[in-house]
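> give me coordinates for this.
(4 chains)
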Amino acid sequence: MSQTLEALQEDIAAGRLKTDELVLNMGPQHPSTHGVLRLELVLDGEAVVKVIPHLGYLHRCFEKHAEAMTYPQVIPYTDRMDYLAAMNNNHGYALAIERLMGIELPERVEYIRVIMAELQRIASHLVAIGTFGMDIGAFTPFLYCFRDREYILDIFERTCGARLLYNYMWVGGLSHDVHDGFEKDVRDFIKRFRPTIKEVNDLLNYNKIFIERTANIGVLPVDVAVSYGCSGPMLRGSGVDFDLRRDDPYSIYDRFDWQVCVGKGEAGTVGDCWDRHMVRVWEMEQSCNIIEQALETFPPGDITEAIPKRIRPPKGEIYTRVENPRGELGYYVISDGSANPFRVKARGPSFVNLSVIDEISRGHLIADIVAILGSIDIVLGEIDR
Amino acid sequence: MNTKDMFDHLAALFPDLELQLDEDVPCIIVPPDAIREVGLQLRDDEQLLLDSLMCLSGVDFADGTLGVVYHLHSMLHNHKLTVKVVVPVENPHVQTVERVWRTADWHEREAYDLIGVIFDGHRDLRRILNPYDWEGHPLRKDYEVPEFYNGMKVPY
Amino acid sequence: MGLLDKQFDDGNIVLTSLEGVLNWARLCSLWQMSFGLACCAIEMMAASASHNDIMRFGVLPRPSPRQCDVMIVAGTVTLKMASRVKRLYEQMAEPRYVVSMGSCSNCGGPYWEHGYHVLKGVDRVVPVDVYVPGCPPRPEALLEGWMRLQEKVRDFSLVKPQNGKPQNGRA
Amino acid sequence: MESLLQSLLGDNLLTLVLYCALPLVFLLLYALLAILGEVKISAFMQDRLGPMRTGPWGIIQPLADVLKLLQKEDITPKDADKFLFNLAPYLSFMAAYAAFAVIPFSSQYVGADLNLGAFYLLAIGSLNVAAIMMAGWASHNKYSLYGAMRSVAQIVSYEVPAAMMLVIVVLFVGSLNFQDIITAQSGPFWNWMVFGGPKADVELASGEILGASWINLIFLPLFLASFVMYYITGLAETNRTPFDIPEAESELVSGYHTEYSGMKFAMFFMSEYANMFLVSAVTAILFFGGWNSPFGVYLGDMFDAQWLVALEQFGWLVFKGLFFVFVIIWLRWTLPRLRVDQLMYMCWKVLIPFSFGIALIVGFLVVVLK
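Numbering: from 1, shown residues only, chains lettered A, B, ... in the order given. Purely as a prediction, here's the structure:
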């Protein structure tokens, strides 16, 4: 502002000053970056020329901690990676260590794990749907989603005492057996929850303005999605019929009958923001189906019998992946035979999904960046770890 | 195809390279200056089609070597392969596969940031998690936590 | 602006009642800065959602730091983020308060030992008024912390501290 | 009204000041009510309670907010253009307040009974644009600048259809004076513009006779359409959802008032609410009979008390205005937000052609029928 007009014109003439691009910093404190992500937007007017994400504002050194802790002590830290889907994170890590040690789990443990993981998936998708709505400007659906999510948290709380970070799935078992009346609670929840999916559809998902804002925005073609390693609703939103629960089965998912939801381009192009969003909505119904089937054959039993007294996996390494609500959560664990892992690398789905943002947001407007970011559904705890 | 078959397939295609098969893990060990070439082959070969890089991890093996581990998966054939690259800690240069699998971009930046592997040919090799002016590579086994960063005390 | 910048040597009845009204206004209308850092942010959102509804206390989330009274530091403050937190605090208009929510921002939480990139307590960069313990604290705990903050605001005095008696609250 | 005050107080200047201050008092009271309404209605829609601790059921929450904002530090950013930065909020509020001059609160009271009332409203309404632009530019903040640019583009564009809707009513009535427009709709509610205008001859304040008959029913669809369109443009001009693009929280933090704190922020807040009522009141005046009672009779007439009639008329206008404010709030908490280009599309490609079309038809019909 202090520059005179002549000096500015001189700068322009000499090519020292670009006159057509503006750099806008979005974040780390911004209402719609879902945490502490910082996006550097290079703008031409309202149109986006380039998006440069800057990560690491929540780098909490998960991998360093994993090397310093014993195997069971790592589990609370996995909770805090993707804090919206702590159960699924526990599940992946426990599975990796169990496979490394060759532990066979009791039936009941497997069932509880699947039910908990699916409940957590619903809870996580509810947050994703709500915050996406908020990014588009609809505040009320966000609160409705949070209200429904509370019922799931109540079930978790009754079982293990925690609302958000559970430390529930241990290597070889669970921290607690489910509470009395668990089955009834879950059934009640499913019964109450199914109509609210329709409510959210009516209020938000099929709202004309919402569709206008999200359809044909941030289209992610299949080849780009695969090359960038996108997974979960991101990949399925682009029309790829791939779900680890079915295609790389773990736990007991192969016993249940359910559908893999893929984006169909109903409102616009296949792979746009609306498709990614709707995949989440449809997945909630599928999760309900899985839970209902699991409850029908819910076996009795002891959940602690397979928990080893001493957790020291033999020397070796393993890469295990599970389907997190956000996509493929992988753990690469190297064991040197001691009580501490030698190396744990977590492959967070959000980390990988976010890397595609520059590719799919060029040429869109600022408002679309918010929509695209919301549809990717990132959790910074997992990106920065 | 299992790892052994893939190894045989690759060994026939690259007779000049010193590819090794580690039966324990199992994985294929590729020289650091050939990983790009091998990667392209892995991705595009009709029989392999390992088009998705699930995970790329840097590892400090604590015996004077650093490593990069590639976990690959084929969406079409639904088979997996683990590829390893081992480099000495004094000269940790590995070819980048950023243009083979786009997802390797950030993963390589992370491995550079935390382990200190330098990826030759990477277009944008900056730190990703730690601040740009951070010193050292925290996931090295001999890493020592600094006392201060920008005037803020780091240890408790 | 105005009154709070001044300090008075002795309290009289006018000043005391004015003080009461002003403090009441401030404690009933503590606007919160809507930004979260980590896991605790989800519980902070849950606290403003329908079940717990922190808006009952007159809280209004504002995205711009200029218009906020309270910064809830909800989550782990990393070294990279610390300078930003400090800057946000500096951008807020006086009188301003900080609630440190969760173990991480209280003292580094589970990352206190090996977290080479974690700031061990947000009070190393900004002054904190209320600490809410928990990992993460339940929404109820945040509400409790909120009421503690209100008590603190209620005790604020325009009168200069006398005889070395400490003054509650900050201008 | 003016003469009443004059007889009571005698002093000319004092009368004038009081006369001018009346809407301000109303505006302040209304703003408190609207802020409370906003939080309470949103809470009701979202299964919450809203403020509960500030007075019984939180009813004095807005008072606490205002008192608190008074105490806040008044920040002027270092790089800001200080003069413009400080001027903008007052100008914004002034623009909103000045527009109230021509709003007839009853047949007795209108700040300035201008023959060009509708024209004045359009002119003074544009002043807000200058204030917003000032605020956005002077803040030296990119978000503010974006918000201001968007806001200016939006308000300037939407002024065209808004003016056309005014023109439609003015064409029909044949007067730019708001009192005339309201008088034209006197009688029971089926005489309102939105139901096709007066069904019997009316004498306007200017002494002209507006000939009317039941044939006016053919105007019903036209006026209904123009009411809906005027209301939509009103939403856009007040920057409310789904057109709250200038202060889109998820994109631009708080748009043009990102850098404002304390009382200056309160000024913007107040002017937003004042504008909301302005748009609602004008909607009521143009299409819903203004201060006319929907039943065509007043309690005051029965008791032969003119002051009661005036009070009732005031009540009806405020009631109608508040109802439309309520609808604005209702929409805000229901709908998502449009994008900039969609907003412009809506204005230039939908509203403007339609409004011109309606104006053409109305003009034609008026000529043919009269």
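
> what ranges do the helices span in chain B?
Assigned by DSSP state H, chain B shows helices spanning B:3-13, B:35-44, B:104-114.

> which of the ones you listed sits most buried?
With neighbours defined as mean count of other C-beta atoms under 10 Å in any protein chain shown, the helices of chain B peak in mean count at helix B:104-114, which reaches a mean of 24. All C-beta spots, glycine's among them, are computed from the backbone N, C-alpha and C.

> orientation of that helix relative to helix B:35-44 in degrees?
140 degrees (axes from the mean of the first three to the mean of the last three C-alpha atoms, to 10 degrees).

> tell me the contacts of A:Glu6?
A:Glu6 makes no contacts at all, as judged by C-beta atoms under 8 Å, 6 or more residues apart in numbering or on different chains.

> quick check: phi and psi at the closest residue to chain A within chain B.
Closest to chain A within chain B is B:Thr103: 3.3 Å, counting by C-beta to the nearest C-beta. Main-chain torsions, B:Thr103, degrees, to the nearest 10: phi -60, psi -20.

> possible to save the helices of chain B as TSV with mean pLDDT?
Below are the helices of chain B laid out as TSV (pLDDT from 0 to 100):
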stretch	mean pLDDT
helix B:3-13	83
helix B:35-44	86
helix B:104-114	89
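
> A:Met234: which of the ones you listed is closest?
helix B:104-114 (14.8 Å; C-beta to C-beta).

> counting by contacts, list what that closest one packs against.
Helices and strands touching helix B:104-114, by 3 or more C-beta pairs under 8 Å, 6 or more residues apart in numbering or on different chains; DSSP states H and E, are helix A:349-354, strand B:52-60, strand B:118-120.

> kindly recompute the last result at 6 Å.
Here helix B:104-114 touches strand B:52-60, going by 3 or more C-beta pairs under 6 Å, 6 or more residues apart in numbering or on different chains; DSSP states H and E.

> any idea which element the nearest residue to D:Leu69 once chain neighbours are set aside lies in?
Closest residue to D:Leu69 apart from its sequence neighbours, by C-beta to C-beta, 6 or more residues apart in numbering or on different chains: D:Ala266 at 4.5 Å. Using DSSP states H and E, D:Ala266 sits within helix D:262-287.

> near chain D, which residues of chain A show up?
Residues of chain A lying near chain D by C-beta under 6 Å from any C-beta of the partner chain: A:24, A:31-32, A:46, A:135-138, A:140, A:143, A:147, A:209-210, A:212-213, A:366-367, A:370.

> nearest residue to the middle of chain C?
Residue closest to the average C-alpha location in chain C (C-alpha atoms, centre = their mean): C:Val98, at 2.6 Å.

> give me the sheet partners of the strand or helix carrying it and which way each runs.
Using DSSP H and E, C:Val98 sits in strand C:97-101. Strand C:97-101 has these partner strands in its sheet, going by DSSP bridges: strand C:70-74 (parallel), strand C:130-132 (parallel).

> extract the CA atoms of the first one and return them as PDB.
Right, strand C:70-74. Only the C-alpha atoms of strand C:70-74 are listed here, as PDB (Å, rounded to 0.1, in the frame of the first residue of the first chain):
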ATOM      1  CA  VAL C  70     -12.400 -17.100  24.200                       C
ATOM      2  CA  MET C  71     -10.000 -19.300  22.400                       C
ATOM      3  CA  ILE C  72     -10.500 -22.900  23.200                       C
ATOM      4  CA  VAL C  73      -7.200 -24.600  22.500                       C
ATOM      5  CA  ALA C  74      -8.700 -28.000  21.700                       C
END
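
> buried set for that strand?
C:Val70, C:Met71, C:Ile72, C:Val73, C:Ala74 (16 or more other C-beta atoms under 10 Å in any protein chain shown).

> would you reformat the residues you listed as JSON lines and include pLDDT?
As requested, the buried residues of strand C:70-74 are exported to JSON lines (pLDDT from 0 to 100):
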{"residue": "C:Val70", "pLDDT": "91"}
{"residue": "C:Met71", "pLDDT": "90"}
{"residue": "C:Ile72", "pLDDT": "90"}
{"residue": "C:Val73", "pLDDT": "89"}
{"residue": "C:Ala74", "pLDDT": "88"}
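
> follow-up on the earlier one: out of the strands paired with strand C:97-101, nearest to D:Asp341?
D:Asp341 lies closest, by C-beta to C-beta, to one member of the strands paired with strand C:97-101: strand C:70-74, at 35.4 Å.

> so how far is the next helix or strand after the closest one off the chain centroid?
The helix or strand immediately downstream of strand C:70-74 is helix C:79-91, counting by DSSP H and E. In this view, helix C:79-91 has its centroid 15 Å away from the chain centroid, taken as C-alpha atoms, centre = their mean, to the nearest Å.

> ranges for the strands of the stretch 51-200 of chain A?
Taking DSSP state E, counting those that start in this stretch to define them, one finds strands in the stretch 51-200 of chain A at A:169-170, A:173-174.

> what ranges do the helices span in the stretch 201-350 of chain A?
A:208-214, A:222-227, A:233-237, A:244-247, A:273-296, A:349-354 (DSSP state H, counting those that start in this stretch).

> what residues does the second one touch?
So that's helix A:222-227. With C-beta atoms under 6 Å, 6 or more residues apart in numbering or on different chains as the test, helix A:222-227 has contacts from A:Leu235, A:Ser238, A:Val240, A:Glu359, B:Asp51, B:Ser52, B:Arg102.

> could you give the mean pLDDT of stretch A:256-271?
Per-residue pLDDT over stretch A:256-271 has a mean of 86.

> how about the residues of chain C near chain D?
Proximity of chain C to chain D (C-beta under 6 Å from any C-beta) is limited to residues C:1, C:4, C:22, C:25-26, C:28-29, C:50, C:53, C:55-58, C:63-64, C:66-67, C:93-94.

> so which of those residues also contact chain A?
Restricting these to those within reach of chain A (C-beta under 6 Å from any C-beta) leaves C:Ser50, C:Pro63.

> out of the residues of chain C next to chain D, which sit inside helices?
C:Leu22, C:Ala25, C:Arg26, C:Cys28.

> tell me the contacts of the third one?
In other words, C:Arg26. Counting by C-beta under 6 Å, 6+ apart, C:Arg26 has contacts C:Val153, D:Lys68.

> give me that answer again for 7 Å
Listed by C-beta atoms under 7 Å, 6 or more residues apart in numbering or on different chains, the contact partners of C:Arg26 are C:Pro95, C:Val153, D:Lys68, D:Gln71.

> distance check, the residue most central in space within chain D against chain A.
Centroid-nearest residue in chain D: D:Leu278, 1.5 Å away (criterion: C-alpha atoms, centre = their mean). Distance, D:Leu278 to chain A, by C-beta to the nearest C-beta, to the nearest Å: 23 Å.
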